[in-house]
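Participant: fold the stuff below for me.
(2 chains)
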Amino acid sequence: AQTVTQSQPEMSVQEAETVTLSCTYDTSESDYYLFWYKQPPSRQMILVIRQEAYKQQNATENRFSVNFQKAAKSFSLKISDSQLGDAAMYFCAYRSDYDQGGSEKLVFGKGTKLTVNP
Amino acid sequence: KAGVTQTPRYLIKTRGQQVTLSCSPISGHRSVSWYQQTPGQGLQFLFEYFSETQRNKGNFPGRFSGRQFSNSRSEMNVSTLELGDSALYLCASSFGSGNTGELFFGEGSRLTVL
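Facilitator: The predicted structure follows:
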């Protein structure tokens, strides 16, 4: 079974600075998807960024980018120019490309609580 | 366009009771997944429904069950509640094509078992 590990329970960053959240995963599969989801205090989780394992190029969405190291099974999230609205729980998630019937089941890490200081 | 709607948002039950939670997905979405979120265990997958059929199931006891209706709305039921069932239950929907993988989450139903 796949596992996702986020080794930083909490992180803090100054507004306008850059922060990197770490994520490692364990899998024997070659095709899969990786995600970062953000859960603000209001609790509705939203997708931040997605990476397909077969793509070597790191995904980027505005101020958010990932460092995907497939061989090392590492998938870190970099937030540039941090804003107060970035404060939230961040979850790293894995989705297999082999699950039964095309299931979209996600395996989540335990999360990293990000605090942004003004 | 309306997001994923979960009802009720908060509820309190006592041990031994049962509870039913409801989830209305985004219009056009055919897949609905359920997750249990607790401080200790994090987010754990319960089950996924697609076109009224259970497509995947997590490692939870049989007290946890679900179903999906023809309009894609889904319900989950927990019978014989235990204290450890206290959690935030999140519902997520998607088109279910399996191509994008993006799930859209509701705000959750906060269950407290006394």
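Participant: neighbours of the nearest residue to residue B:28 once chain neighbours are set aside, how many?
Facilitator: Distances taken as Cβ to Cβ, 6 or more residues apart in numbering or on different chains place residue B:95 nearest to residue B:28, at 6.8 Å, with adjacent residues excluded. All C-beta atoms are positioned from the backbone trio N, CA, C, and that covers glycine. Using other Cβ atoms under 10 Å in any protein chain shown, residue B:95 has 17 neighbouring residues.
Participant: verify the contact between residue B:95 and residue B:31 for me.
Facilitator: Yes: Residue B:95 sits in contact with residue B:31 when judged by Cβ atoms under 8 Å, with a separation of 6.9 Å.
Participant: quick check: neighbours shared by the two?
Facilitator: Here residue B:95 and residue B:31 share no contacting residue, scored by Cβ atoms under 8 Å, 6 or more residues apart in numbering or on different chains.
Participant: contact distance from chain B - what residues of chain A qualify?
Facilitator: A:33, A:35, A:37, A:42-47, A:50, A:91, A:95, A:99-111 (Cβ under 8 Å from any Cβ of the partner chain).
Participant: report the central residue of chain B.
Facilitator: residue B:34 (3.2 Å; Cα atoms, centre = their mean).
Participant: quick check, the helix or strand where it lies touching chain A?
Facilitator: For residue B:34, the host element (DSSP states H and E) is strand B:31-38. Yes: using Cβ under 8 Å from any Cβ, strand B:31-38 reaches chain A at B:31, B:33, B:35.
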